[in-house]
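**Student:** only geometry, no sequence info:
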């Protein structure tokens, strides 16, 4: 008999009826002989509604007061879920973040968890209760209410699993697992039985939004086996663990893709030391996330041209920022190319298979797809291509790397 | 420079716009040189919405989880009000019940306040901030979230005023003060400049629902001057204090009334000792509130007839309970008279004016109004009359006791 942590997101608890389904899933694990902790997010559109009231009051509402406001969302869900469990005859108790002993650093809206006092939860589990914990929130040593930022509830679940030495942490969501690529666009996409933490990190960062990278990182550090599974369908999900034990023969395990990308090129940058860091520090200050960066030196003029990719939504702001700092940065002009997309292949096996990037480029070339930018890591190769050719590229790669051969589960 | 506690109820904070009005009222007091603590309830219909979700889940939801659920209501209001204050340039901080150090007994849904740790609030006031506190809620020594039951936010405000040794406690509401009688029904009703705690207690208990009796009792015990005033109109309210200083010449200070009353008479009750307590203990167990009680002994048969008044909504349940216990209680039959109303006169001066009750009966008699039941206390006389004659009785009494002569303010 072990401890299992279950996490259900906003859509899984979006109505009283859906909360009943969550309660049933939790009770099933109790009936299997486990002690169960359930972490939940705010119900469906609750957070949006609260944010819209705050925005009516202020364009930049106080972060402390936003935390005070938003944490009511999960508090509503935990009370309703605990009521439902009791109504179904299962003893249960709900805890807010602070009641669950989740201590964070003293930062509002994006705090990291420092420590979890597990005594109270363990006591209640011993009494045979399901403990329902509000995700996304904690408190500081001073008794201030804090939140964990994006992916917060996933992080709460994984952190609790680590602190409680749980057997596993099940992340229930509206998809049935992690796929070789997005099944909504690629017919042959296959669910993976397992992926490694690192592969999941790359996939999550590349927009396969099943699980927040921060939670994956936490799970990796504490070696918590995660399972991504469906809250509605009773089917096997995907296990995320230290070493992916299945499908070891696959070099590439997933294809991730994302449209709405723009390439920005700053031409004629002076070669001064520090120029590069000035450009990106300036953009970061304006909350513009830069993804792939390529620098090319033109020998004859001692000037550099610098390309980077951003989300197309950020183009206007980026150009504004660059023009504001034009003199300081000392460049001649800026060029942009929009309607681009990023297509990436991910797989731990790439470390020991040096030809994979080359194979990817060849597949794209054979399909007449021009590569605009490339970026590689040990277990990933990302390319930027024309948006119109994105799906063609994904399908060709999915096929070339034999991902349809993954057994359908 | 003193501390002022302001309390705003649900209708006064029902929208973002109304919250802005509350913020302005609070800032006015700061500009007058005061330190200000604001206690707020949940926004308008929030509580109803939360209760309806709980009712969808269970007919008798767990009281602990109801407290967990309902306390989110005030937490939303405090965060929005603190944001608004900051947006208006006023430093402010919001506290939930537990953050404000409001410790209650370990009972859910209807806890009493045991102690308030004021250190944190006093610190923030010294820093020039307005402190916004969630009404209606507290916590126990074990870190459980509790609520104070009906009139909870009024009680929070008065308790904070007592603990902080506040100069006064202003209860903002949707009426402009306490009236000699309900101005919606009696044209000549006049706002009172002041009433005593005891008079307010009787008026509150008699259905003049401006202020919860529990909060008045608390204010009386700690000698906190209360003011009931309008959150929308900038006019004088009514002061509630130890001795009503104005209008001392008035023996009767207010006429309260309530319709929907039924008289229940249990005939042929055995004269056994303990019968009376058995009847009312049994009714209380079934949550039936009994108001006026009259016992009359019929000499010849050594049997008693017992009359009491209840709300007409409770008649069905009352009869069911009485019939269930018919044998145990040992009575012959039950008679009921519905469509009755209670009309009461209230005034501290009655203690030293023994003829007041007689005068009341005479006024009613002169107006051909039959009195069905009577109950008196030191500062109150209540009569039960036909519902159809209620307003006629109120107007006659209002006139006879010269209440229209109260200066209009």
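**Tutor:** Cool, got the structure. Everything numeric here is computed off the predicted structure, so don't read it as measured data. Numbers count the residues shown, from 1 in each chain, chains lettered A, B, ... in the order given.
**Student:** Can you tell me which residues in the stretch 151-300 of chain A are near chain B?
**Tutor:** Proximity of the stretch 151-300 of chain A to chain B, by Cβ under 8 Å from any Cβ of the partner chain, involves no residues. For the C-beta atoms, the positions are set from N, CA and C on the backbone; glycine is no exception.
**Student:** Pass me the low-pLDDT residue ranges in the stretch 151-300 of chain A, would you?
**Tutor:** A:205-209, A:244-249, A:271, A:273, A:297-300 (pLDDT under 70).
**Student:** State the distance from residue A:86 to chain B.
**Tutor:** 5 Å (Cβ to the nearest Cβ, to the nearest Å).
**Student:** what residues are up against that residue?
**Tutor:** Contacts were defined as Cβ atoms under 8 Å, 6 or more residues apart in numbering or on different chains; by that measure residue A:86 touches A:92, B:58, B:62, B:65.
**Student:** Pull out the buried positions in the lengthiest helix in chain A.
**Tutor:** Ranked by residue count, the top helix of chain A under DSSP state H comes out as helix A:63-87. By neighbour count on 16 or more other Cβ atoms under 10 Å in any protein chain shown, the buried set for helix A:63-87 is A:64-87.
**Student:** ditto for stretch A:226-246
**Tutor:** Buried-residue list, stretch A:226-246, by 16+ other Cβ under 10 Å: A:226, A:227, A:228, A:229, A:230, A:231, A:237, A:238, A:239, A:240, A:241, A:244.
**Student:** how about these, which pair is most distant?
**Tutor:** Spatially, the most separated pair among the buried residues of stretch A:226-246 is A:231 and A:244, at 23.7 Å (Cβ to Cβ).
**Student:** Give me the neighbour count for the closest residue to chain B within the stretch 251-400 of chain A.
**Tutor:** Residue nearest to chain B within the stretch 251-400 of chain A: residue A:287 (21.2 Å; Cβ to the nearest Cβ). Number of residues near residue A:287 (other Cβ atoms under 10 Å in any protein chain shown) recorded here: 8.
**Student:** do the same with residue A:24
**Tutor:** 13.
**Student:** what's the helix or strand for it?
**Tutor:** helix A:16-31 (DSSP states H and E).
**Student:** what sits up against that helix?
**Tutor:** With Cβ under 8 Å, 6+ apart, helix A:16-31 has contacts from A:4, A:6, A:8, A:11-13, A:36, A:38, A:40, A:43, A:77, A:80-81, A:84-85, A:88, A:90, A:130, A:172, A:231-232, B:53, B:56-57.
**Student:** quick one: strands adjacent to the helix or strand just after that helix?
**Tutor:** Sequence order places strand A:35-40 as the next helix or strand after helix A:16-31, per DSSP H and E. When pairs are called by DSSP bridges, strand A:35-40 turns out to pair with strand A:3-8 (parallel), strand A:130-134 (parallel).
**Student:** Now do the contacts for the residue positioned nearest the centre of chain A.
**Tutor:** By Cα atoms, centre = their mean, the mean C-alpha position of chain A lies nearest to residue A:212, the distance being 2.5 Å. Residue A:212 makes contact with A:150, A:151, A:154, A:155, A:204, according to Cβ under 8 Å, 6+ apart.
**Student:** Now for the closest residue to the fourth one other than its chain neighbours, how many residues are close by?
**Tutor:** Same thing as residue A:155. Residue nearest to residue A:155 in three dimensions, not counting chain neighbours: residue A:215, with 4.8 Å by Cβ to Cβ, 6 or more residues apart in numbering or on different chains. Using other Cβ under 10 Å, residue A:215 is surrounded by 27 other residues.
**Student:** ok, back up a step: check the strands paired with strand A:35-40 for me and report the most buried one.
**Tutor:** Stretch with highest mean neighbour count among those: strand A:130-134 (a mean of 29; mean count of other Cβ atoms under 10 Å in any protein chain shown).
**Student:** Next, the angle helix A:63-87 makes with that one.
**Tutor:** 160 degrees (axes from the mean of the first three to the mean of the last three Cα atoms, to 10 degrees).
**Student:** what sits up against strand A:130-134?
**Tutor:** Residues contacting strand A:130-134 (Cβ under 8 Å, 6+ apart): A:26-27, A:30, A:36-40, A:71, A:74-75, A:77-78, A:81-82, A:85, A:90-97, A:100, A:102, A:121, A:124-125, A:156, A:160.
**Student:** does residue A:34 really touch residue A:166, like I thought?
**Tutor:** No - applying Cβ atoms under 8 Å, one finds residue A:34 not in contact with residue A:166, separated by 9.5 Å.
**Student:** Between these two, tell me which one has more neighbours.
**Tutor:** residue A:166 (24 against 19).
**Student:** Spatially nearest residue to the more buried one, not counting backbone neighbours?
**Tutor:** Once flanking residues are discounted, residue A:166 sits nearest to residue A:3: 4.3 Å by Cβ to Cβ, 6+ apart.
**Student:** just checking, the one you found touches residue A:167?
**Tutor:** Yes - if you go by Cβ under 8 Å, residue A:3 and residue A:167 touch, sitting 6.2 Å apart.
**Student:** anything in contact with each of those two?
**Tutor:** Joint contacts of residue A:3 and residue A:167 (Cβ under 8 Å, 6+ apart) are residue A:34.
**Student:** Got the domain ranges for chain A?
**Tutor:** A:3-174, A:255-404 (automatic domain parsing).
**Student:** contacting residues around the closest residue to residue A:291 other than its chain neighbours?
**Tutor:** Nearest in space to residue A:291, with sequence neighbours left out and distances taken as Cβ to Cβ, 6+ apart, is residue A:309 at 4.6 Å. Under the criterion of Cβ under 8 Å, 6+ apart, the neighbours of residue A:309 are A:261, A:262, A:263, A:264, A:290, A:291, A:292, A:340, A:342, A:373, A:384.
**Student:** Now tabulate those residues in JSON lines and tack on neighbour count and secondary structure.
**Tutor:** Listed next are these as JSON lines, based on neighbours: other Cβ atoms under 10 Å in any protein chain shown; DSSP: H, G, I helix; E, B strand; the rest coil:
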{"residue": "A:261", "neighbour count": "23", "secondary structure": "strand"}
{"residue": "A:262", "neighbour count": "19", "secondary structure": "strand"}
{"residue": "A:263", "neighbour count": "19", "secondary structure": "strand"}
{"residue": "A:264", "neighbour count": "22", "secondary structure": "strand"}
{"residue": "A:290", "neighbour count": "16", "secondary structure": "coil"}
{"residue": "A:291", "neighbour count": "18", "secondary structure": "coil"}
{"residue": "A:292", "neighbour count": "19", "secondary structure": "coil"}
{"residue": "A:340", "neighbour count": "23", "secondary structure": "strand"}
{"residue": "A:342", "neighbour count": "24", "secondary structure": "strand"}
{"residue": "A:373", "neighbour count": "20", "secondary structure": "strand"}
{"residue": "A:384", "neighbour count": "27", "secondary structure": "strand"}
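**Student:** Format these as TSV; extra columns: distance to residue A:200.
**Tutor:** Output for the contacts of residue A:309, formatted as TSV (distance: Cβ to Cβ, whole Å):
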residue	distance to residue A:200
A:261	22
A:262	27
A:263	27
A:264	29
A:290	23
A:291	19
A:292	21
A:340	25
A:342	18
A:373	24
A:384	23
